[in-house]
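A.B. asks: what shape does this take:
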Amino acid sequence: MKLEAPRGTHDVLAKDWPHWDEIVGTAEKVCQTYGYRPITTPAFEDTELFQRTSGAGSDVVQKEMYTFADRSDRSLTLRPEATAPICRAYVEHGMHRDPQPVKLFTIAPMYRYSAPQRGRYREHWQLSVEAIGSADPAIDAELIQLYSELLRELRISDYELRINSVGDSNCRPRYYEELVAWLDANDGLLDDEAREKRATNPLRVFDVKSREVQAALANAPRLADFLCDECRVHFDRVQAYLRGYGVDFEVDPRLVRGLDYYTRTAWEFVGPDEGAQSSISGGGRYDGLVEEIGGPPTPGVGFGAGIERLHLALGDREPPGEAIDVFFALEDEAKRSAILPLLAKLRASGRSADTDYAGRSLKGQLTQAGRLGAEVVVIAGSDGYRVRRRGAEEVGAASLAEVEALL
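C.D. replies: Numbers count the residues shown, from 1 in each chain. Below you'll find the model as predicted:
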């Protein structure tokens, strides 16, 4: 039997790790620079959490969740996204009593059953950044600018930012009436996917994949024409703050988000790839989510960004170097026991150090030291030691104490 990783999952190999580590490390640094603190939530939650927040008619709930019954017959679901679990933690631990907004981030695996594609996995890693407890449009702009800063630090520039307002409970009902009337009148232009979305959440018809349907929807009523004064002012201020940050964007009146909890600001960072791979990040405001899961009325806003998508965006760029500080080459195998205390001491002091464990010849060991990018090579011979520092002449040493002094 040939065992392989389950379909839709992937291994992050050692050769991939320099880029992966660069992405995760940069994301953590940027988030903490902006005052966001780390949080970790369980890999699975009560299924009801996602049914109540994502929407029973959403693709996530209907088609994509990994749901199972445990031995006590409780329905549990592997988290498909991080916003609802973080809001659940906000309510459960009384964070509404803390100074607001509570600014949190997590980098963790998410699980969605969907057709695997390039950069799209059933188990995928996601950066989620959330600001809970503020209705200020300035925090919307801060989160958008935070992600643009992450892209800048990763030297990723081939993308577009699209933003929209999806309104709120005050203005969306009237728009829904107009949109449903238009969809019913133009049913012949729709496909089965669009009809299904019309029946569950009409706003999601703008997510359909068919280009023909998308072309027809260009003539559908625009949500922007139905925004209430409060939503319009909020969206205008978000745009003004983004201009103040110097962030380029395009207003896309057809942009919607795939989950029911989104209100007002919605955005998406779109890369150069076609289709499902084009989105590298998406987010928006969710002012009713905390209340939906039993908390007090609490505004919130956040985004999710796939780590694998960022990994793809780095392309074939040379990864950061992982040069080792010191490599011990054994010309005399009998010297192995003698070098171990110094090897351990270097590692304990934070310096990377290694030696040969494959029985290579001295030439092979020196080749391996070169592969590792060793800054210093210590050759242990029967008559003493030789220290080779990159770019310098070889120096002899009679004892390990002299070697240590040269390091």
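A.B. asks: what about the helices in the stretch 251-400 of the chain?
C.D. replies: Ranges of helices in the stretch 251-400 of the chain, per DSSP state H, counting those that start in this stretch, are 289-292, 307-313, 336-348, 362-371, 400-406.
A.B. asks: of all the ones you listed, which one is nearest residue 254?
C.D. replies: Taking CB to CB, helix 307-313 is the member of the helices of the stretch 251-400 of the chain nearest to residue 254, at 21.5 Å. For glycine as for every other residue, the C-beta is placed from the backbone atoms N, C-alpha and C.
A.B. asks: return the distance of residue 246 relative to residue 145.
C.D. replies: 9 Å (CB to CB, to the nearest Å).
A.B. asks: who's in contact with residue 326?
C.D. replies: By CB atoms under 8 Å, 6 or more residues apart in numbering, the contact set of residue 326 is 346, 351-354, 374-378, 407.
A.B. asks: let's see it at 7 Å
C.D. replies: Residues in contact with residue 326, defined by CB atoms under 7 Å, 6 or more residues apart in numbering, are 346, 351, 353, 374, 376, 378, 407.
A.B. asks: surely the fifth one is in contact with residue 391?
C.D. replies: No: in this structure, residue 376 sits apart from residue 391 without contact. The criterion is CB atoms under 7 Å, and the distance is 10.8 Å.
A.B. asks: give me the more crowded residue out of these two.
C.D. replies: With neighbours defined as other CB atoms under 10 Å, residue 376 and residue 391 compare such that residue 376 has more, 21 against 6.
A.B. asks: domains in this protein, by residue range?
C.D. replies: If you go by automatic domain parsing, the domain ranges for the chain are 17-171+227-313, 326-406.
A.B. asks: between the ones you listed, which one is closest to residue 217.
C.D. replies: domain 17-171+227-313 (7.0 Å).
A.B. asks: circling back: the helices of the stretch 251-400 of the chain: which one's closest to residue 265?
C.D. replies: That would be helix 289-292 among those, by CB to CB, at 13.9 Å.
A.B. asks: can you give me the strands in the stretch 51-200 of the chain?
C.D. replies: 67-69, 75-78, 102-111, 123-132, 160-165 (DSSP state E, counting those that start in this stretch).
A.B. asks: ok, which of the ones you listed comes nearest residue 177?
C.D. replies: Here strand 160-165 is closest among the strands of the stretch 51-200 of the chain (CB to CB), at 18.3 Å.
A.B. asks: now do the closest one, average pLDDT.
C.D. replies: For strand 160-165, mean pLDDT is 94.
A.B. asks: any buried residues in that strand, and which?
C.D. replies: 161-165 (16 or more other CB atoms under 10 Å).
A.B. asks: over to stretch 202-219?
C.D. replies: Those would be 202-208, 213, 216-217, for stretch 202-219 by 16+ other CB under 10 Å.
A.B. asks: for residue 155, grab the count of nearby residues.
C.D. replies: 9.
A.B. asks: now do the same for residue 346: its pLDDT.
C.D. replies: pLDDT, read off for residue 346, is 94.
A.B. asks: now swap in residue 313 and tell me
C.D. replies: Residue 313 is given a pLDDT of 81.
A.B. asks: list the contacts for it?
C.D. replies: 156, 271, 280.
A.B. asks: any regions of the stretch 101-250 of the chain where pLDDT drops low?
C.D. replies: Within the stretch 101-250 of the chain, no stretch has pLDDT under 70.
A.B. asks: quick one, which of the domains of the chain is packed in tightest?
C.D. replies: domain 17-171+227-313 (a mean of 18; mean count of other CB atoms under 10 Å).
A.B. asks: how far does it sit from the chain's center?
C.D. replies: 9 Å (CA atoms, centre = their mean, to the nearest Å).
A.B. asks: again, but for stretch 8-19
C.D. replies: So, by CA atoms, centre = their mean, the centroid of stretch 8-19 is 15 Å from its chain's centroid.
A.B. asks: how about that stretch as CSV, C-alpha atoms only?
C.D. replies: Below are the C-alpha coordinates for stretch 8-19, written out as CSV (Å, rounded to 0.1, in the frame of the first residue of the first chain):
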residue,chain,number,x,y,z
GLY,A,8,-6.5,18.5,-0.8
THR,A,9,-3.8,18.6,1.8
HIS,A,10,-0.1,19.3,1.4
ASP,A,11,3.3,19.0,3.2
VAL,A,12,5.4,22.0,3.9
LEU,A,13,8.8,20.6,3.1
ALA,A,14,12.2,21.8,4.4
LYS,A,15,12.9,23.4,1.0
ASP,A,16,9.7,25.4,1.3
TRP,A,17,10.2,26.4,4.9
PRO,A,18,12.4,29.5,4.3
HIS,A,19,9.6,31.2,2.3
